[in-house]
Each structure stands twice: as structure tokens, then as C-alpha cells.
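Undergrad: Provide a 3D model corresponding to the input given below.
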Amino acid sequence: MNRTKIVTVSKALPSFSSKTKDILPFVNEWLRDQDERFRRKVVKIFEGAAVDRRYGIMPVHEVFTETSFEEKNRLYAQASKKLGSEALRSALNSAGWSSDSLDYIITVSCTGIMIPSLDAYLINELELRQDVVRLPVTEMGCAAGVSGLIYAHNFLKSNPNKRIALVAVECPTATFQLDDYSMANMVSAAIFGDGAACVLLSSEAEAPGPAILGEEMFHFRNSTHLMGFDLVNTGLKMILDQAVPETIAKFFPDIVHPFLEKHGSGIENVNHLIFHPGGRKIVQTVEELFGSLGKNIDDTREVLRLYGNMSSVTVLYVLKRFMDRNISEGEQGMVLSFGPGFSAQRVLLEW
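TA: Numbers count the residues shown, from 1 in each chain. A predicted model of the protein is given here:
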């Protein structure tokens, strides 16, 4: 069986960015007609979200302006093409690959709707081969960045000397609901930001980078209500159940230990945890769980602080922090994210 190597990870960000403290005046103005206690509670959610800065496809004052679904989706599509192209071009340059050397392209996004999907535009923009295989992944939310790694590995392990680009682009800003005062919308607005990433993977024997030792999905039964989007007349409306952290905690041992044992490892052998920062409560929950095992997720907290939660893109930013380090041969890392379904996606790496 071929070995799948992660060759490089790149990122791309929109031109607009705001510190959380600079967003608060807009939040107060948005909620000016709401109950004073509710308004103070929402401001505290923003202040306690553990997000210092986030990037966006539009300036912050436009986020808090009434906009049609059509206009928001137009901005999403426009930004996705630009950010996706930037991330893919940057990754190809970093690896020294030509665009026509790609055999397979996976695009990941859940925060807007495009038909044809993003990959079709990237094929034209970067002049990929006309026989490149396309796989758009559109409805797996925050988990989809790791899902893309899993799909890439499943292709590469049975196809030697092939190359894949995984491009993730998310614009949660385009899903903000101005007339939705639910806590799901408040928490979503407090943590999410926009961004893009690209991962290049290869089954070539001489390819550099950490190898994928194993991958697996874990599906929680009867839990479709925990996370997702409702499609309403004003766009994509966030579903986020407050039971998510306790559900993760309840099943954490089943998610981590059997997976590692199946691939000949154990938590004691995992040197690096590459975890998707869903939000402050989820990060705290998982930090305590891994902390009890002598591990930390400091890089996860730092990515959340610097960029916010960019859905499927975010875990790839955490992965890039490890790819940029001089990690010793033989050290292992586990990639982990959760998303709508409800499900957990896991990948075991070895440098």
C-alpha cells in the first residue's frame, strides 16, 4: 500500500479584519432595542469568546446591515473563488509543483452555495488538467477539513505517484442573520471568521512531509439536531445545541483510544494534538480531557485567538503551525475535528 504524505499547507485571508473590541460598538447598536440584560449577556459572550481578531469578506459595518440572501451568497461566491485561488497558488509555489501535475482536487465549503462548485472555477483559473478528478464536499461543516484529508488518503493509498490538492474556503460572515436573536446566532457571531487553506498531498515515494498512518470517522447516533444550518429565506441559519461540549466529553474515550489502538499507537505515543477550535467551551472541554492525559492543545487556542472559528478551514491552520516546525522523525500527531451529523473525524500522522 502507498504512503500518503502531507507535503505542504497554505492559507489565505480576506482583506478586512477587526479586533473583537472594535466590533462591540456595532453589537450594541444592533441590539439597541433588545432587553438591557440580554444585550449585556451578548456583549459578555463576545468578550469571553477567546477570539481577539477575525477576518471577513466585508467590512464589519456591512455585516450588521440588512442584506438579502442573494447578495450575501454573491459575496460568498466571489470571495471563495479569490481566496481558493490564492490558497492553491500559494501551496503550489511552496511545494514547487505545477498546476497541471495535480490528479485530483477536493474543495470543501459549507457557508454558501455554488453550482458549479468551487473546483470548476479553480480548474480554469489555475489551468489544471482537463482530466483532473473533482470532489466537492459541501455539507459537513467544521469537520470537513479533516474529511477532505480522509478522502484524499483513501484515493492516494491505492493510487501510486498521484497528487491531490485539498482546498477549504469558508465565509461564515455571509451566514449572519440580522433578525435572529437566538443564542445560536449570538455564539456564532462571537466566534466565527472567514478564511481559506490548501493542503497538498502525494503518494509519490519521494514526497516530503508527515505520513498518514490511519484515518476514521465516528458518527454519533440520533444527534443530527446538535449542529448544522437551516436554509431559510434570509440564508443559512445556524443550529448549535448547547449540549455539544457534554456530548463530546461523554464519548471522548470512544473517539480517541480505539482509533489509536487500531493503528498500533496509543495516546502516550501522540506528541502533537491538532484539534479544531470549535469555540471557547468546546476548547475548554477538550483541553481538560486531553490535559488529564498529559497533553495540551495550545496551538488550537492560539488559532482561535488569532482568527476565530473558520469552520472547516480552522483545523488546517492548526496543522500548518505544526508543518512549519522542525518536528523529529517518528513523532506522531492526531488531527481531530467535530461537525454536523454529529460526527468526529480523526487522522493519525507520523513525521
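
Undergrad: after the helix or strand hosting residue 120 comes which helix or strand?
TA: Assigned by DSSP states H and E, residue 120 falls within helix 118-125. Scanning forward in sequence from helix 118-125 by DSSP H and E, the next helix or strand is strand 133-137.

Undergrad: that older thread, helices or strands next to the helix holding residue 120 in the packing?
TA: Contacts defined by 3 or more Cβ pairs under 8 Å, 6 or more residues apart in numbering; DSSP states H and E place helix 118-125 against helix 69-95, strand 104-108, strand 133-137, strand 163-170. All C-beta atoms are positioned from the backbone trio N, CA, C, and that covers glycine.

Undergrad: which strands border the last one, and is each parallel or antiparallel?
TA: Strand pairing for strand 163-170, determined by DSSP bridges: strand 104-108 (parallel), strand 195-202 (antiparallel).

Undergrad: any buried residues in the first one, and which?
TA: Of the residues in strand 104-108, 104, 105, 106, 107, 108 count as buried by neighbour count, 16 or more other Cβ atoms under 10 Å.

Undergrad: stretch 326-346 too?
TA: Within stretch 326-346, the residues scored as buried using 16+ other Cβ under 10 Å are 327, 332-346.

Undergrad: quick check, nearest of those to residue 49?
TA: residue 338 (17.7 Å; Cβ to Cβ).

Undergrad: for the closest one, give me its contacts.
TA: With contact taken as Cβ atoms under 8 Å, 6 or more residues apart in numbering, residue 338 is in contact with 142, 143, 227, 244, 248, 276, 278, 282, 344, 345.

Undergrad: ok, now residue 347?
TA: Counted by Cβ under 8 Å, 6+ apart, residue 347 has contacts 146, 149, 150, 153, 212, 214, 215, 334, 335.

Undergrad: identify the residues contacting the helix-or-strand element of the chain with minimal mean pLDDT?
TA: Every helix and strand of the chain was ranked by mean pLDDT, DSSP states H and E. The lowest is helix 280-291, at a mean of 83. Residues from elsewhere that reach helix 280-291 (Cβ under 8 Å, 6+ apart): 48-50, 191, 244-246, 248-249, 252, 273, 275, 277, 296-297, 300-301, 304, 338.

Undergrad: sorry, back to before: right, and the helices and strands packed on helix 118-125 - which one's nearest residue 44?
TA: Of those, nearest to residue 44 by Cβ to Cβ is strand 163-170, at 25.8 Å.

Undergrad: quick one: the helices in the stretch 151-300 of the chain?
TA: 183-191, 244-262, 280-291, 298-307 (DSSP state H, counting those that start in this stretch).

Undergrad: out of those helices, which gets the lowest mean score?
TA: The weakest mean pLDDT among the helices of the stretch 151-300 of the chain belongs to helix 280-291, with a mean of 83.

Undergrad: what angle do it and helix 244-262 make?
TA: Here helix 280-291 runs at an angle of 40 degrees relative to helix 244-262 (axes from the mean of the first three to the mean of the last three Cα atoms, to 10 degrees).

Undergrad: who's in contact with the residue lying closest to residue 231 once chain neighbours are set aside?
TA: Of all residues not flanking residue 231 in the chain, residue 237 sits nearest, at 7.6 Å (Cβ to Cβ, 6 or more residues apart in numbering). For residue 237, the contact set (Cβ under 8 Å, 6+ apart) comprises 175, 177, 180, 185, 229, 230, 231.
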